[in-house]
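Q: Fold the following and give me the result.
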Amino acid sequence: MKRGGDLAVAALAGIIAVPLGLVIALLIRATMGGPVIFRQTRSGRHGQEFRILKFRTMRDKRFEDEPDAPRITRLGALLRRTSLDELPQLWNVVRGDMGVIGPRPTLPEQVVHYSDRQRGRLALRPGLTGWAQVRGRNSITWPERIELDLWYIEHRSLLLDLRILALTAKMLLHPTGITAAGGVNPGFPVPAEAAAAGQQRIVLPRQATATAPRLVQEELRRG
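A: Reported below is the predicted structural model:
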């Protein structure tokens, strides 16, 4: 049933996305040349890898070690700010690589560092949007995002999905959390870093206080 809903949403969104995508593709071609689509390997359901699709937002490197930030074009920055660079992922939904709602797909090199608990976020198809996306996105750390994704998997329902869609629409109109403080998104902590950050507070939704560790419950009550 969820798969049917994903296809229905993708079909409805495609009515607007297809003509808008053609305009964006022409603008990218005119300002950056080809290719128009950026492809990257991500880990999907049960860790199965697939190629995620995005509109290209960066020009080619001028030298080998050139960082990403200066390569983002003005058009690319606009696409990222409005999340329009994600439009091609509707095709990933149609193909079955992704769903509309679920944990965002991450890089295989991040997944190899997941703990057994964190691997639980691979139980669902990754989504265009998700609970972690509307609860902080890139403004929160990876461990926090994973905890939010795990909470969603445990509590998912049609009502929660509708709430996520409504919050996603609100975020598209008033973008927040696109980048972390300082404009640099947090990287995934490798085991050594994760151990050093072991006392880090994890921010969970208030509905999860019944099962949250005692420290987290205290923090939520104070918040």
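Q: which SSE is the nearest residue to D85 once chain neighbours are set aside in?
A: Nearest residue to D85 in three dimensions, chain neighbours excluded: L79, at 4.0 Å (CB to CB, 6 or more residues apart in numbering). Backbone N, C-alpha and C define where each C-beta goes, glycine included. Using DSSP states H and E, L79 sits in helix 74-82.
Q: and R135, backbone torsions?
A: The phi and psi values for R135, taken as degrees, to the nearest 10, are phi -110, psi 10.
Q: what packs against the helix or strand following the helix holding L79?
A: Sequence-wise, the next helix or strand downstream of helix 74-82 (DSSP H and E) is helix 89-95. If contacts are counted by 3 or more CB pairs under 8 Å, 6 or more residues apart in numbering; DSSP states H and E, helix 89-95 sits against helix 2-32, strand 49-55, strand 127-129.
Q: Please repeat the previous calculation with a cut-off of 10 Å.
A: helix 2-32, strand 49-55, strand 99-101, strand 127-129 (3 or more CB pairs under 10 Å, 6 or more residues apart in numbering; DSSP states H and E).
Q: mind putting these in CSV, mean neighbour count and mean pLDDT included?
A: As requested, those are exported to CSV (neighbours: other CB atoms under 10 Å; pLDDT from 0 to 100):
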stretch, mean neighbour count, mean pLDDT
helix 2-32, 14, 94
strand 49-55, 18, 97
strand 99-101, 26, 96
strand 127-129, 24, 96
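Q: out of these, nearest to R156?
A: With CB to CB as the measure, strand 99-101 is the member of those nearest R156 (8.1 Å).
Q: residues in contact with the residue positioned nearest the centre of the chain?
A: Centroid-nearest residue in the chain, with CA atoms, centre = their mean: R104, separated by 3.8 Å. By CB atoms under 10 Å, 6 or more residues apart in numbering, R104 lies in contact with 42, 52, 86, 98, 121, 126-130, 132-133, 137, 145, 149.
Q: just for the protein, where's the confidence low?
A: 1, 176-187, 190-223 (pLDDT under 70).
Q: run the last query once more with 80
A: Residue ranges of the chain with pLDDT under 80: 1, 174-223.
Q: Surely L128 touches V93?
A: Yes - L128 is within contact range of V93, at 6.7 Å (criterion: CB atoms under 10 Å).
Q: what touches both of these two?
A: In contact with both L128 and V93: 6, 9-10, 13, 99-100, using CB under 10 Å, 6+ apart.
Q: sorry, back to before: so which bits of the helix holding L79 are buried?
A: Across helix 74-82, burial judged by 16 or more other CB atoms under 10 Å covers 75-76, 79-80.
Q: same check, this time on stretch 110-123
A: 110-111, 114, 118, 120-122.
Q: Centre of the chain to that stretch, how far?
A: Centroid separation for stretch 110-123 versus its chain: 15 Å, with CA atoms, centre = their mean, to the nearest Å.
Q: got the CA positions of that stretch in PDB?
A: The C-alpha trace of stretch 110-123 is given here as PDB (Å, rounded to 0.1, in the frame of the first residue of the first chain):
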ATOM      1  CA  GLN A 110      29.200   6.200   6.200                       C
ATOM      2  CA  VAL A 111      27.100   3.000   6.500                       C
ATOM      3  CA  VAL A 112      30.100   0.800   7.100                       C
ATOM      4  CA  HIS A 113      30.600   2.700  10.400                       C
ATOM      5  CA  TYR A 114      27.000   2.200  11.600                       C
ATOM      6  CA  SER A 115      26.600   0.400  14.900                       C
ATOM      7  CA  ASP A 116      24.100  -2.500  15.000                       C
ATOM      8  CA  ARG A 117      21.500  -0.100  16.300                       C
ATOM      9  CA  GLN A 118      22.100   2.500  13.600                       C
ATOM     10  CA  ARG A 119      21.800  -0.100  10.900                       C
ATOM     11  CA  GLY A 120      18.100  -0.300  11.800                       C
ATOM     12  CA  ARG A 121      17.600   2.900   9.800                       C
ATOM     13  CA  LEU A 122      18.200   0.800   6.700                       C
ATOM     14  CA  ALA A 123      15.000  -1.200   7.300                       C
END
